[in-house]
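Participant: below is the sequence, then the predicted model.
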Amino acid sequence: MPLGTLDRTPPPFFRQGPSALTKLALFSALAVFLMAADTRFAVTQPLRAALATALLPVQRALQVPVDLAANGGDYLQGLRAALAAENAARAELARQALRAAQVERLTEENNRLRALLDLRPALQVKSISAQVMYEAADPFSRKLFIDRGAANGLVLGSPVINEAGVLGQVTRLYPLSAVVTLLTDRDAAIPVLNTRTQQRSAAFGGIEGGMELRFIAGNADVQVGDTLTTSGVDGIYPPGLTVGRITRVDRRADSGFARILVAPSAVIDDVRYLLVLEPLGAQLPPRPEPDLPPDKPAKTKAPKR
């Protein structure tokens, strides 16, 4: 074979291109340039958008099994929770039906007894719904501002309640708003009745965020857990409204009175909607005027001689 026809190029293994340091510097500069160009001029934004659009169906297809597994578990858990809630609602509905039947029977019995004893029928208390606007800024008082006022028929002293029990009463009235003093205010007081012993007393606010029964003898039959309701003797609150529950009884040896703390039934911090009742005294007959003592006969002076 002639020597001129031989391939004198080195094999690929022995070929020498640019050095590794040169390649590192070149590609580093190219990367910095691309990053700066993308940040400054958004050069790769169209390419990124096109690539994301093209890969979106693939991403969704790959996400389907994951969604099926997660949603399947959530569906089964939700189904169990829905079945449990349905069973609880059915049980509560049965209890409510039984309670409604008992209330209806007691109402009929009460009407018959009142008719038998020739008593006046029970008073029907009127109510007005209201919404809490905001709470008073005074940190030393517990008062709420509501969106009903004198223009809506409210009067001073109207009791205020919600679904849990008594909240307080209207103490200041404006044409379109009113101020409600809560039972936990230091200036609040309400006559109460112990449903277990039928003992009447008075609860005062401003004690450790709750209320306190005052002027109760140290040996009185009062226990922790007793429920207090309105007694209705003040002519303001209708009788039977839930007020609170006794949480602490301290019988002091050095005092003739016990220290009794009461927790209100209504959670005052969560109140948003409430009812304003007509004062009980508005439906009661007027009080008779006190009998005036008969005029004493005028003394006659003896004629002078």
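Facilitator: Looks like it came in fine. Residues are numbered from 1 along each chain as shown.
Participant: Leu76 and Ala88: what is the separation?
Facilitator: Applying Cβ to Cβ, to the nearest Å, the value for Leu76 to Ala88 is 19 Å. For the C-beta atoms, the positions are set from N, CA and C on the backbone; glycine is no exception.
Participant: Met35 now?
Facilitator: According to Cβ to Cβ, Met35 and Ala88 sit 60 Å apart.
Participant: how about the helices in the stretch 1-150 of the chain?
Facilitator: 20-41, 45-117 (DSSP state H, counting those that start in this stretch).
Participant: the longest one vs helix 20-41, what angle?
Facilitator: Angle, helix 45-117 to helix 20-41, by axes from the mean of the first three to the mean of the last three Cα atoms, to 10 degrees: 50 degrees.
Participant: how about the helices of the stretch 1-150 of the chain, which one is nearest Gln198?
Facilitator: Among the helices of the stretch 1-150 of the chain, helix 45-117 comes nearest to Gln198, with 17.4 Å by Cβ to Cβ.
Participant: closest to Ala188 out of the helices of the stretch 1-150 of the chain?
Facilitator: helix 45-117 (30.4 Å).
Participant: chain center to the closest one: distance?
Facilitator: 21 Å (Cα atoms, centre = their mean, to the nearest Å).
Participant: I'd like the mean pLDDT over it, please.
Facilitator: Taken as a whole, helix 45-117 has an average pLDDT of 84.
Participant: care to break the chain down by domain?
Facilitator: As assigned by automatic domain parsing, the chain contains the domains 25-118, 127-282.
Participant: name the stretch among those that sits most buried.
Facilitator: Most buried of the domains of the chain by mean neighbour count (mean count of other Cβ atoms under 10 Å) is domain 127-282; its value is a mean of 17.
Participant: what about it, start to end distance?
Facilitator: 13 Å (Cα to Cα, to the nearest Å).
Participant: how far does it sit from its chain's centre?
Facilitator: So, by Cα atoms, centre = their mean, the centroid of domain 127-282 is 17 Å from its chain's centroid.
Participant: Asp187 belongs to a strand, doesn't it?
Facilitator: No: note on Asp187: no strand contains this position according to DSSP: H, G, I helix; E, B strand; the rest coil, which reports coil.
Participant: ok, it to Gln169 distance?
Facilitator: Separation of Asp187 from Gln169 (Cβ to Cβ): 11 Å.
Participant: returning to that earlier point: make TSV out of the helices of the stretch 1-150 of the chain and add distance to Tyr134.
Facilitator: Output for the helices of the stretch 1-150 of the chain, formatted as TSV (distance: least, Cβ to Cβ, whole Å):
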stretch	distance to Tyr134
helix 20-41	49
helix 45-117	34
